[in-house]
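**Q** Pasting a predicted model and its sequence here:
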Amino acid sequence: MFRYLQVRRDGPVEYLTLNRPDVRNAFNDEVVAELRQWADGLAVDPGVRAVVLAGAGKVFSAGADAAWMARMAAASREDNERDALATTAMLRAINSLPVVVIGRIHGAALGGGSGLAAVCDIVVAEDRAVFGFTEVKLGILPAMISPFVLPKIGVSAARELFLTGARFDAARARAIGLVHDVVPADQLDRAVAHYVGEVLSAAPTGVAAAKALIPQVWGRAPEEVAALTARTIAGQRGSAEGQEGLRAFLDKRDPAWVVR
Ligand code: COA
């Protein structure tokens, strides 16, 4: 179905693997289009509760395909900008999926590869993985990924890392908030499976509502979002899943949505 993506479904879990290993899963306009198509399909698929995003071959992703970036110089300014907007739309589509996206980072996540990590909800990395917003080393800059990276790593780390293009290790990626767990390579799949298990014991509509709430509340004063947060909890605790979860807790049983 896709040329550069491998998709495997295991019950409520979708395993999506970037599959362009010859160029270390660098992505060009075709990969961007496929990712967008995949995300649009997943957003309306009621059977999925978690996504695991990984890379085939030696690394997770070497980011934007340098040949594609160079080629855009020959395009009209309009086409050049339209192409960039397509990348933004793809990142937005993944970022706002109503299910949990877990990034599985091995080898390297550089440039847009680190940008893809930033649109995941949870990121697990092997301890020897290398990260970097390396774009300035190639004469370009981390532009389309910046709205997704900044809320994760903050302005201070961005000023250091965007402006130097320096590579950094998984421990640093975790310290700045890009990564949530760092494990030896042979424990990477187990760490991912742990998070999948956590997600599958959480209420799907509660998870989706919590994910949608975060960007609406972030950076705003409590009084500004009081009505929104009240409306959100009122809706959720009155919903079938809210009722099932609260009742199951009081009855000392698993809620119906738990998958073991
Ligand atoms: N765009 C296009 N091609 C890329 C690429 C990219 N971002 N990253 C790697 N490749 C290509 C290389 O040119 C090479 O092609 P070749 O086989 O025709 O020579 C192939 O992928 C393998 O790359 P190589 O560097 O030999 O692999 P490696 O396993 O030793 O190292 C990386 C992997 C990811 C650490 C290294 O390729 C790298 O640092 N890439 C650049 C990452 C980057 O700065 N991205 C930001 C882009 S804006």
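**A** Structure received. Remember, predicted model here, so these are calculated numbers, not experimental data.

**Q** Burial check on the residue of the chain at minimum distance from the ligand, number of neighbours?
**A** Nearest residue of the chain to the ligand, counting by Cβ to the nearest ligand atom: residue 111, 2.7 Å away. All C-beta spots, glycine's among them, are computed from the backbone N, C-alpha and C. The tally of other residues near residue 111 (other Cβ atoms under 10 Å) stands at 29.

**Q** got the contact list for it?
**A** Residues in contact with residue 111 (Cβ atoms under 8 Å, 6 or more residues apart in numbering) are 62-64, 132-135, 138, 142, 145.

**Q** give me the subset of those touching the ligand.
**A** Applying Cβ under 6 Å from any ligand atom to the contacts of residue 111, one finds that 62-64, 134-135, 138 fall near the ligand.

**Q** Now do the residue nearest to residue 185 when sequence neighbours are not counted, the pLDDT please.
**A** Leaving aside its chain neighbours, residue 185 sits nearest to residue 126 (4.4 Å; criterion: Cβ to Cβ, 6 or more residues apart in numbering). pLDDT recorded at residue 126 is 98.

**Q** Show me what residue 126 is bridged to.
**A** residue 183 (DSSP bridges).

**Q** quick one: it and residue 100, what's the gap?
**A** When Cβ to Cβ, to the nearest Å is the yardstick, residue 126 and residue 100 sit 20 Å from each other.

**Q** Over to residue 170?
**A** With Cβ to Cβ as the criterion, residue 170 and residue 100 are 21 Å apart.

**Q** Count residues in the vicinity of the closest residue to residue 1 other than its chain neighbours, would you?
**A** Distances taken as Cβ to Cβ, 6+ apart place residue 7 nearest to residue 1, at 7.1 Å, with adjacent residues excluded. By the measure other Cβ under 10 Å, the count of residues near residue 7 is 16.

**Q** and residue 7, which of the three is it?
**A** Classification of residue 7 using DSSP: H, G, I helix; E, B strand; the rest coil returns strand.

**Q** thought it was touching residue 18?
**A** No. Between residue 7 and residue 18 there is no contact under Cβ atoms under 8 Å: 11.0 Å.

**Q** hmm, back to that, list the residues that contact the residue nearest to residue 185.
**A** Residue 126 makes contacts with 105-107, 170, 182-185, 188, as judged by Cβ under 8 Å, 6+ apart.

**Q** With residue 157 instead?
**A** Residue 157 neighbours (Cβ under 8 Å, 6+ apart): residue 176.

**Q** What pLDDT is listed against it?
**A** 98.

**Q** picking that back up, how much space between the residue nearest to residue 185 and residue 83?
**A** Residue 126 sits 32 Å away from residue 83, going by Cβ to Cβ.

**Q** swap in residue 222?
**A** Taken as Cβ to Cβ, the span from residue 222 to residue 83 is 41 Å.

**Q** so when I look at residue 143, I'm seeing a strand, right?
**A** No. Looking at residue 143 with three-state DSSP, it is coil, so not inside a strand.

**Q** thinking it is in contact with residue 81, fair?
**A** No. Counting by Cβ under 8 Å, residue 143 does not reach residue 81; the two are 10.9 Å apart.

**Q** and the end-to-end length of stretch 23-34?
**A** The first and last residues of stretch 23-34 sit 17 Å apart, counting by Cα to Cα, to the nearest Å.
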